[in-house]
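**Q** Need a 3D model of the sequence below.
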Amino acid sequence: MNFADRLAETSRQKDSVVLLGIDPQLDTPDAPGVPRGHTLAGFCCEIVEACARSVVAVKPQLAFFEARGLEGMRAFVEVVKLARSLGLITIADAKRGDIGTTSAAYAEAFLGDGDFGCDAVTINPYQGSDAAMPFVAKVREGRGVFVLVKTSNPSSGEFQDLVVHNNSGSNRALWETVAMRVNGWGGDFVGASGLSSVGAVVGATYPDHARRARELMPTATILVPGYGTQGGSARDAVASARADGSGIIVNASRSLMYVYQKNPGSKPAEAAATYAETMRQDLNTALAAASTTRGSSGAHTATAIRD
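**A** Just a heads-up that it's a prediction; the model follows:
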């Protein structure tokens, strides 16, 4: 089944656009990354199970598992298996990008049927189509791809906002050029939901850019980081939604997994479950408000601008 359709249907059934980021932080002098009395896999799986009723997907961040060696990668596999058993979509937050056989190997690792295989993966497009095509090829097998377009970090504009000269003779920000290419890559993979399995990552911390991204990528499923710890509000997070409220999933990672630290005496799983459900409701309220504001203008269903 088309990945975007599966994601859209799960979102509809759960009345949710919440994406649970699994980012088990490394130990610091102030706090352990894994609560005392828990194993790495146990902590991560406990959070997934507790939040399952409120979220549509999980997004394990590979860096935090890779940093822990074999134990970490075994925990990653356990998280993916558990999430799938609970009916959740799995997205490997790997941000891979290379060329030729190396890129193909990454695609097989995270979108194949092996130990690390997930439903979708995040990728870095800045080596061009050579880097993206092996991943896009996996879309034909029912997988999904989320391409970094406009990220949520403060210095993203250092390169992504640079104005570049396009083939048409016009000048646009680099991230807009990437967005237009993503729209082109995804054109052959639009499902019955009207959404493409070639999606994009566009941060909540830049809502004006997010609205522009939707204009450039009308059929893309957009993964939205930046909610919570990074400062994005629910209103900011839904800026790239389509007119009917579809086409986005909004990630929370540290703010969700570690919310128990802000409530002394609370248990990690219980605190996370409460946060996830509150987030689901907040985002739905923001989507409803945005829909009312747009009215029947159709502002987010425009045809993508092309070179």
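**Q** Following element in sequence after the host helix or strand of Ala83, please.
**A** With elements taken from DSSP states H and E, the one containing Ala83 is helix 69-85. Using DSSP H and E, the helix or strand that directly follows helix 69-85 along the chain is strand 89-96.
**Q** Could you list every helix and strand in contact with that following strand?
**A** Other helices and strands packing on strand 89-96, by 3 or more CB pairs under 8 Å, 6 or more residues apart in numbering; DSSP states H and E, are helix 3-14, strand 57-60, helix 62-66, helix 69-85, helix 100-111, strand 120-123, strand 144-150. Where you see a C-beta, it was placed from the backbone N, CA and C, and this is true even at glycine.
**Q** And what about the spatially most central residue of the chain, helix, strand or coil?
**A** The C-alpha lying nearest the average C-alpha coordinate of the chain belongs to Leu223 (CA atoms, centre = their mean; 3.5 Å). Under the three-state scheme (DSSP: H, G, I helix; E, B strand; the rest coil), Leu223 adopts strand.
**Q** Can you tell me how far it is from Ser155?
**A** When distances are taken as CB to CB, to the nearest Å, Leu223 and Ser155 turn out to be 20 Å apart.
**Q** for Val55, same thing?
**A** For Val55, the distance to Ser155 under the criterion CB to CB works out to 29 Å.
**Q** same question, Pro207
**A** Here the criterion is CB to CB. By it, Pro207 lies 18 Å from Ser155.
**Q** higher neighbour count, these two?
**A** Counting neighbours by other CB atoms under 10 Å for Pro207 and for Ser155 shows that Pro207 has the greater number, 20 against 8.
**Q** which ones are touching that one?
**A** Contacts for Pro207 (CB atoms under 8 Å, 6 or more residues apart in numbering) come out as Gly232, Arg235, Asp236, Ala239.
**Q** Wait, Ile47 touches Pro24, no?
**A** No - here Ile47 does not reach Pro24: they are 9.0 Å apart, not a contact under CB atoms under 8 Å.
**Q** Next, the distance between the ends of stretch 247-262.
**A** 32 Å (CA to CA, to the nearest Å).
**Q** Buried residues in it, which are they?
**A** Buried residues in stretch 247-262, defined by neighbour count with 16 or more other CB atoms under 10 Å: 247-260.
**Q** what about it, average pLDDT?
**A** Summarised as a single mean, pLDDT over stretch 247-262 is 95.
**Q** And stretch 116-129, by the same measure?
**A** For stretch 116-129, the mean per-residue pLDDT is 95.
**Q** now what about it, what contacts it?
**A** Counting by CB under 8 Å, 6+ apart, stretch 116-129 makes contact with 3, 6, 57, 59, 73, 76-77, 80, 89-99, 107, 109-111, 131-132, 135, 143-148, 178, 181-182, 185, 197, 199, 201, 223, all of which sit outside it.
**Q** Just confirm Ala192 is within a helix.
**A** No - for Ala192, which was evaluated using three-state DSSP, the result is coil, with no helix membership.
**Q** relative to strand 89-96, how tilted is the helix holding Ala83?
**A** Using axes from the mean of the first three to the mean of the last three CA atoms, to 10 degrees, the interaxial angle of helix 69-85 with respect to strand 89-96 works out to 140 degrees.
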